[in-house]
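A.B. asks: Using only what follows, build the 3D model:
(one chain, ligands or ions: 2)
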Amino acid sequence: MNAKIFCVANQKGGVGKTTTTVNLAAGLAKVGQRVLMVDLDPQGNATMGSGVDKRKLSLTVYDVLLESASVAEARARSEKCGYDVLGANRELAGAEVELVHVERRDQRLKQALGAAAQDYDFILIDCPPSLSMLTLNGLCSAHGVIVPMQCEYFALEGLTDLVNTIKQVHANMNKDLQIIGLLRVMFDPRITLQQQVSDQLKSHFAEKVFDTVIPRNVRLAEAPSYGLPGVVFDPGARGSQAYVEFAHEMVERIKKM
Ligand code: ATP
Ligand code: MG
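C.D. replies: Numbers count the residues shown, from 1 in each chain. Ligands and ions are numbered 1, 2, ... in the order given. The predicted model follows:
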């Protein structure tokens with residue numbers, strides 16, 4: 001069976017997209033799944049956070065988008081993390097402009113991933129904090145979107161733009177696309193407001209809210225400076241255990257897709 005492809009997206013910055021992508025990738029690898037992690041953010045944080053040095057890559061997702069390399073040529077193996085990485089670096093920031101005059105430019109990633117899909121069970125795409133051409137390429141490639149969010153006051157408001165974009169992509173470009181779920185991250189149950197927003201989320205979005213909750217956990221924040229996801233850096237940490245639990249939830253979820 002071909003890989004199920006998921007975007008980790010939220011146009012809001014710093015909400016835990018990259019942390020979720022690399023830790024879910026590592027969690028899935030840990031439970032025996034074959035995983036490709038695609039970094040669609042010119043910041044290259046998911047690449048570095050998977051132990052792949054973005055400055056040393058000769059081929060990246062940029063070359064794949066411009067059709068000068070295939071996924072098979074451009075991917076790197078992260079031995080420590082147990083998954084493959086299609087990396088990104090600052091070069092990717094130029095892709096937006098370079099693709100302006102290209103036909104079906106929002107389908108470039110989809111076509112490229114199609115050729116590699118039989119090698120994997122999961123392909124996870126870390127999106128940048130915007131609804132740009134790069135994010136659009138991600139959304140056009142995917143079967144579903146995972147939306148990490150913090151349970152803060154403006155969280156629901158911020159979701160409206162993303163939900164509308166996903167609806168438009170679904171209607172016009174990618175019939176497969178759906179929101180798989182909202183993932184509550186950096187959660188602190190002692191904060192009453194977070195509990196309230198969490199309850200609101202569940203009443204609005206019902207089964208679209210994942211059962212797993214990722215706690216705020218400093219080990220998850222420390223791990224990137226060692227070039228590792230928390231799941232690999234400190235498997236015993238509460239945050240790491242939560243991401244492995246989330247990996248199990250995703251494995252169950254795709255059985256119903
Ligand atoms: P950007 O929009 O810039 O791409 P992002 O949405 O990818 O950001 P991250 O980089 O994953 O967000 O996380 C933002 C910050 O929060 C990072 O410093 C990260 O280490 C920290 N962080 C993420 N999740 C947790 C958590 N569960 N507990 C503690 N810190 C966390
Ligand atoms: Mg990020």
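
A.B. asks: Quick check: longest strand in this structure by residues?
C.D. replies: strand 178-187 (DSSP state E).

A.B. asks: For that strand, output the C-alpha coordinates as CSV.
C.D. replies: Output of strand 178-187 as CSV, limited to C-alpha atoms (Å, rounded to 0.1, in the frame of the first residue of the first chain):
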residue,chain,number,x,y,z
GLN,A,178,-9.4,16.7,5.1
ILE,A,179,-8.5,17.8,8.6
ILE,A,180,-7.4,14.7,10.3
GLY,A,181,-7.4,16.3,13.6
LEU,A,182,-6.4,19.1,16.0
LEU,A,183,-3.6,18.2,18.3
ARG,A,184,-3.4,20.0,21.6
VAL,A,185,0.2,20.8,22.3
MET,A,186,2.3,22.5,25.1
PHE,A,187,-0.7,21.8,27.3
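
A.B. asks: Which helix or strand lies directly C-terminal to it?
C.D. replies: The C-terminal neighbour of strand 178-187 among helices and strands, as given by DSSP states H and E, is helix 192-205.

A.B. asks: Next SSE downstream of that next one?
C.D. replies: In the C-terminal direction, the helix or strand that comes right after helix 192-205 (DSSP H and E) is strand 209-215.

A.B. asks: Identify each buried residue in that following strand, please.
C.D. replies: Under the neighbour-count criterion of 16 or more other CB atoms under 10 Å, strand 209-215 has 209, 210, 212, 213, 214, 215 buried. Every residue, glycine included, has its C-beta placed from N, CA and C.

A.B. asks: can you pull the pLDDT of the fifth one?
C.D. replies: The reference is to residue 214. At residue 214, the pLDDT value in this model is 98.

A.B. asks: Can you give me the distance of residue 240 to ligand 1?
C.D. replies: 10 Å (CB to the nearest ligand atom, to the nearest Å).

A.B. asks: contacting residues around that residue?
C.D. replies: 23, 217, 219, 220, 230, 231, 233, 234 (CB atoms under 8 Å, 6 or more residues apart in numbering).
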